[in-house]
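Novice: Need the 3D shape of this:
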Amino acid sequence: MEAFDWYTWVILPLIVFLARIADVTLGTVRIIFLSRGRKYLAPLLGFLEVLIWITIVSEIVRGAHNIVAYLAYASGFAIGNYAGMLIEERLAIGTLVIRAILPKDGVLLVERLRTEGYGATYVDGHGSSGPVMLIYTVVMRKELSRVVSLIQEVHPKAFFTVEELRSARQGIFPARSSSRLDRFTRRKSK
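Specialist: The predicted structure is shown next:
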């Protein structure tokens, strides 16, 4: 009777699984950094991502000729995507523009945003039900939930959209403490 091959059936698939989580997580975060203009950190992440990927693929080609290793590779890919999204959520990198469309009496929201330190621009418009006010504010992504709460507090039934903004200059932003990563990537991208 042949002894159970722990390396082929347990250890190698586990290594493949964990490495695939790492490389896909790095890839997801790298793409997010690229899309948000963090051009100096993205190549470093790309280097690590490819280094891990090529190492694991070579191990699979060399020794993992079993379904467990293949399933570990695919599972690591799926979980790596999820982990990358969770990391991106935690980092909350980027700038957003929030556009609220309110009934004509939206001045109260503009005043409240300004009181809280946010810049706010408004334009009078005409909606399907009559006069409306379009209010625009640009916020850091980390502050989205605070501003959404503020909008819902002032106008519980407000219609608003949130969009990614590649860059913003010369705006009015509340004072904030930036993370070490923000300071590093912002300094490098200038």
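Novice: Tell me which helix or strand the most centrally placed residue in the chain sits in.
Specialist: Centroid-nearest residue in the chain, with CA atoms, centre = their mean: residue 88, separated by 3.7 Å. Assigned by DSSP states H and E, residue 88 belongs to helix 67-91.
Novice: what helices or strands is that helix leaning on?
Specialist: For helix 67-91, the packing partners by 3 or more CB pairs under 8 Å, 6 or more residues apart in numbering; DSSP states H and E come out as helix 12-35, helix 42-63. Every residue, glycine included, has its C-beta placed from N, CA and C.
Novice: distance between stretch 74-82 and the chain's centre?
Specialist: Computed by CA atoms, centre = their mean, to the nearest Å, the chain-centroid distance of stretch 74-82 equals 17 Å.
Novice: what residues does that stretch touch?
Specialist: Contact with stretch 74-82 is made by 16, 17, 18, 19, 20, 21, 22, 23, 24, 25, 27, 28, as judged by CB atoms under 8 Å, 6 or more residues apart in numbering.
Novice: pLDDT weak spots in the protein?
Specialist: Counting by pLDDT under 70, the chain contains low-confidence ranges at 63-64, 168, 170, 173, 175-190.
Novice: ok so, going back, how far does the helix holding residue 88 sit from its chain's centre?
Specialist: With CA atoms, centre = their mean, you get 16 Å for helix 67-91.
Novice: Okay, buried residues for it please.
Specialist: 68, 69, 72, 73, 76, 79, 80, 83, 84, 88, 91 (16 or more other CB atoms under 10 Å).
Novice: for the fourth one, what are its contacts?
Specialist: The reference is to residue 73. Taking CB under 8 Å, 6+ apart, one finds 16, 17, 20, 56, 60 in contact with residue 73.
Novice: mind redoing it with 10 Å?
Specialist: Residues near residue 73 by CB atoms under 10 Å, 6 or more residues apart in numbering: 13, 16, 17, 19, 20, 56, 57, 60, 64.
Novice: Against residue 44, how distant is the residue nearest to the second one when sequence neighbours are not counted?
Specialist: Pointing back at residue 16 there. Leaving aside its sequence neighbours, residue 16 sits nearest to residue 72 (CB to CB, 6 or more residues apart in numbering; 4.5 Å). Going from residue 72 to residue 44 by CB to CB, to the nearest Å gives 26 Å.
Novice: before we move on, what about residue 153?
Specialist: In terms of CB to CB, residue 153 sits 41 Å off from residue 44.
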